[in-house]
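Student: Only the shape, not the letters, is given here:
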């Protein structure tokens, strides 16, 4: 995909492009789930967001093993890849769980089972949202309720809260096909 223009066919620099989300950086989640045999699986998802105060929404194609796992187990975890884990996170995004049964092991990750939901916590990813499946809407969006957020102590700031300069999460840039580090404070909000 490198070198491919993010502009629609026939558009050029300076043209107004209606309705294109391609120009926005996207959160890059690692979605963890267990299959029916109890094997942990993970995939990348760039189409997801906070849906409500305690809910998330994911746009995952029904052909993904992860989608079937979530429907079956009624649970999943969401983590943020970090600067330190981006290579492994990219691996679980490139390799299909339909073809590789041990994606997590081959990515070099270890898991423990969440005590709150039937989904794996990937120990190398320092911030994990543990979610229960609420529903799949008419457009096949997966909506989950966040029942717990686990944070590794190594990424807590002096105030005891998660510090994104310590987490060093990455996002996906769909224009240039890159992962971009987040975390620099530019101003105080409110």
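Tutor: Right, received. Where do you want to start? Values in this document were obtained by computation on a predicted structure and should not be read as measured data. Numbering: from 1, shown residues only.
Student: Do a quick rundown of the strands in the chain.
Tutor: Ranges of strands within the chain are 26-27, 29-34, 40-45, 48-52, 55-58, 75-80, 111-113, 120-122, 127-136, 142-151, 170-173, 178-181, based on DSSP state E.
Student: Out of these, which one sits most buried?
Tutor: strand 29-34 (a mean of 27; mean count of other Cβ atoms under 10 Å). In short, each C-beta sits where N, CA and C put it, glycine included.
Student: now that strand: mean pLDDT?
Tutor: Strand 29-34 shows a mean pLDDT of 93.
Student: Reformat the strands of the chain as a markdown table; add distance to residue 94.
Tutor: What follows is the strands of the chain, written out as a markdown table (distance: least, Cβ to Cβ, whole Å):
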| stretch | distance to residue 94 |
| --- | --- |
| strand 26-27 | 17 |
| strand 29-34 | 13 |
| strand 40-45 | 8 |
| strand 48-52 | 18 |
| strand 55-58 | 18 |
| strand 75-80 | 17 |
| strand 111-113 | 19 |
| strand 120-122 | 17 |
| strand 127-136 | 22 |
| strand 142-151 | 21 |
| strand 170-173 | 13 |
| strand 178-181 | 13 |
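Student: Of those strands, which is nearest residue 100?
Tutor: Closest to residue 100 of the strands of the chain is strand 40-45 (Cβ to Cβ; 9.2 Å).
Student: Please consider this matter closed, and thank you.
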